[in-house]
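Participant: Have a look at this fold, sequence not included:
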């Protein structure tokens, strides 16, 4: 279980608070207007930002002070975070060893991950030679080899067309189901949340609401979400 215990961050005039738990294996969408703090919350959980107050706990263990690399977290960013001078396979291999000194078994893990996301035979290419959808698949393969208990998506598919985005979301859902990972995803699109996230939280007006059923939330949105959706 992921627990955000009276978590707060203050940056100048901006403040965000969260105080709730997410069950292990759940899939939670974070919905709300731009600038409300959705990405900030993911960065707090991942360890890229330090909270002003409160704690982040995983399975009851306080991980608030741990650096990102020591947390049970894989994070997928909007730009996919590929190193352009490395091959696709090497970029995936970074998820296993930052020095890329992979064992034979780890090379096989990379190959299996490439196959799982539909990139067989493309491991030797540079990321810049791939299409947008293929780059997203490569980033997912890196998440797959890491097999972390928490997967955070910061709108990595926002630049893709509707059909390809839906395909990538379905692949994410399949992968986290296979591994039993807990998923938190930032979304501006209610249809994305409906597609793969049974739970949703509203990020607005400096707070993150406790998770609730996605369909119920979208059917009876609170005022802040209603204003954002134009409902």
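Facilitator: Looks like it arrived, so ask away. The structure displayed is predicted, hence computed values, not measured ones.
Participant: make it CA atoms for all contacts and neighbour counts henceforth
Facilitator: Noted.
Participant: Next one, pLDDT for the residue in the chain sticking out farthest from the centre please.
Facilitator: Centroid-distance maximum for the chain: residue 104 at 28.7 Å, with CA atoms, centre = their mean. The model reports residue 104 with a pLDDT of 93.
Participant: which residues touch it?
Facilitator: Neighbour list for residue 104: empty [criterion: CA atoms under 8 Å, 6 or more residues apart in numbering].
Participant: Kindly list the main-chain dihedrals of it?
Facilitator: With angles defined as degrees, to the nearest 10, residue 104 sits at phi -60, psi -40.
Participant: Mean confidence (pLDDT) on stretch 110-122, please.
Facilitator: Stretch 110-122 comes out at a mean pLDDT of 89.
Participant: Quote the end-to-end distance of it.
Facilitator: 12 Å (CA to CA, to the nearest Å).
Participant: Please state the offset of that stretch from the chain centre?
Facilitator: 21 Å (CA atoms, centre = their mean, to the nearest Å).
Participant: If we go by neighbour counts, what in it is buried?
Facilitator: 110-114, 116-117, 119, 122 (16 or more other CA atoms under 10 Å).
Participant: cool, and stretch 85-92?
Facilitator: 86-92.
Participant: Pull the residues that contact it.
Facilitator: So stretch 85-92 is contacted by 82-83, 100, 110-111, 114, 122-127, 138-139, 141-142, 145 (CA under 8 Å, 6+ apart).
Participant: Pull the residues that contact the biggest helix by length in the chain.
Facilitator: Longest helix of the chain, by residue count under DSSP state H: helix 162-179. By CA under 8 Å, 6+ apart, the surrounding residues in contact with helix 162-179 are 25, 117, 133, 136-137, 140, 144, 147, 149, 151, 157-158, 182-183, 192, 195-196.
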